[in-house]
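1. Sequence first, predicted coordinates after that:
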Amino acid sequence: MATSLGSNTYNRQNWEDSDFPILCQTCLGENPYIRMTKEKFGKECKICARPFTVFRWCPGVRMRFKKTEVCQTCSKMKNVCQTCLLDLEYGLPIQVRDTGLSVKDEVPRSDVNKEYYTQNMEREIANSDGTRPVGLLGKAPSSSEMLLKLARTTPYYKRNRPHICSFWVKGECKRGEECPYRHEKPTDPDDPLADQNIKDRFYGINDPVASKLLMRASSMPRLDIPEDKSITTLYIGGLGEDVTDSELRSHFYQFGEIRTITIVQRQQCAFIQFATRQAAETAAEKSFNKLIINGRRLNVKWGRSQAARGKEKDGVTESGIRLEPVPGLPGALPPPPMSDEDASTNYFNLAPSSSPAVMNLGLPPPPGVAMPPPPGFGPPMFHTMDAMAPPMPPPMIMRPPGQVHYPSQDPQRMGAHASRHGGP
């Protein structure tokens, strides 16, 4: 038999009877097999004061029993969990969610207006397909950058811990490890988080948890765009072992042409180089603090320039080692091809030096040592040494600078279209 149901005993046709609660993953627990007790019209909703079906269960081992606090109509109006009253999509308080989506609460406070508003919402919920929220929340934008940055990607099971043992605080608990409550120091009563009200959380006012999250959002770091325009590489950290090359490519290819994707499994990171700086800036802006792949929030940063990594000056590091330009990278395109005269000059410079044990491979001779003439123009000694030297390979002709080849320009690549790149 139900307990005292207050002033709503006269209108039993609006009492709620449901078969399963509306819960978030955190409140439901990590165990897929749980036992629930169902009490029909067991309590009054703490928001609309109408009797509803109460569910009670234990989400896991060494966790406290939980129960539904509000009816399903109030839960669907705000798209929140019936127990914790946090948003089902982002896992955030209602005040934070409404601030990010610029939604203003319209639920009336008086009993008569609240009852009328609830009946209208029930009618709208019955006519909807159940895939989208109702009311102003259903007309709001689908996402917000601030909500994507603050959203929780994994369940927070720590919220299901037992309450603090009051006997242990007084030093009178004799159960020891068998005590089902926590033996911890209670929260400071002056802490704002110690004073939480379920109605304030539902209406989105005076919520200390929401205030803390909004303050965190205002102080979040921002990704500054580097001044070096040659940087087109993004660093992706925190990959784990599940994120693959194809998943990264499918996400970042929407922002522009990708030159290379390099995954370093040992460091669990990746480097994605774009063809243009504009594509890299767009990818950084759309992915910073918002990139979630396989349930993991990935860290997005700008790659460092060659000068920042090696502190180079005109291609020479502080240790005096000259770094060769890498073909295909911005600002480091291959040199133009050598002419016939330059090739012949380079070939003659590969002649043996005056010392039979040292080969002068295109380097200037040491001080005081004369450069030997080409083969056939000197004493017979050079002819003998020239015969002993291995045959020199022909000069390497490098690709002339021009348009860099990208994967999508390959006509043999699946899905490539000639018209996309200026063809017929």
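-> It's in.
2. outside of the helix or strand Glu115 falls within, which residues touch it?
-> Here Glu115 sits within helix 111-127, counting by DSSP states H and E. Here helix 111-127 makes contact (Cβ atoms under 8 Å, 6 or more residues apart in numbering) with 14, 48-50, 73-74, 76-77, 107-108, 134-135. To be clear about C-beta, it is placed using only N, CA and C from the backbone, and glycine gets the same treatment.
3. May I have the residues that are in contact with Arg159?
-> With contacts taken as Cβ under 8 Å, 6+ apart, Arg159 has the following neighbours: 26-27, 84.
4. Reformat these as TSV; add neighbour count and pLDDT.
-> Below are the contacts of Arg159 laid out as TSV (neighbours: other Cβ atoms under 10 Å; pLDDT from 0 to 100):
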residue	neighbour count	pLDDT
Thr26	22	93
Cys27	22	94
Cys84	20	93
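5. Can you tell me which of those residues is closest to Ile198?
-> The shortest gap between Ile198 and any of the contacts of Arg159 belongs to Cys84, at 9.6 Å (Cβ to Cβ).
6. quick one on the thing from earlier: and the next helix or strand past the helix holding Glu115?
-> Downstream of helix 111-127 (by DSSP H and E), the next one is helix 136-139.
7. buried ones in that next one?
-> Residues Leu137 are the ones in helix 136-139 that count as buried (16 or more other Cβ atoms under 10 Å).
8. Can you name every helix or strand that it contacts?
-> Using 3 or more Cβ pairs under 8 Å, 6 or more residues apart in numbering; DSSP states H and E as the contact test, no helix or strand touches helix 136-139.
9. Using PDB, write down the CA coordinates of stretch 230-240.
-> C-alpha atoms of stretch 230-240 as PDB (Å, rounded to 0.1, in the frame of the first residue of the first chain):
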ATOM      1  CA  SER A 230      54.800  27.000 -42.300                       C
ATOM      2  CA  ILE A 231      53.400  25.000 -39.400                       C
ATOM      3  CA  THR A 232      50.600  22.800 -40.800                       C
ATOM      4  CA  THR A 233      51.000  19.800 -38.400                       C
ATOM      5  CA  LEU A 234      48.700  19.000 -35.400                       C
ATOM      6  CA  TYR A 235      49.800  16.900 -32.400                       C
ATOM      7  CA  ILE A 236      47.100  14.400 -31.200                       C
ATOM      8  CA  GLY A 237      47.800  12.900 -27.700                       C
ATOM      9  CA  GLY A 238      46.200  10.300 -25.500                       C
ATOM     10  CA  LEU A 239      45.300   7.900 -28.300                       C
ATOM     11  CA  GLY A 240      45.500   4.700 -26.300                       C
END
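10. quick one on the thing from earlier: could you save the contacts of helix 111-127 as TSV and add columns showing distance to Leu213 and secondary structure?
-> Listed next are the contacts of helix 111-127 as TSV, based on distance: Cβ to Cβ, whole Å; DSSP: H, G, I helix; E, B strand; the rest coil:
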residue	distance to Leu213	secondary structure
Asn14	35	helix
Cys48	26	coil
Ala49	29	coil
Arg50	30	coil
Thr73	26	helix
Cys74	22	helix
Lys76	23	helix
Met77	22	helix
Val107	21	coil
Pro108	27	coil
Val134	25	coil
Gly135	23	coil
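11. All good on my end, thank you.
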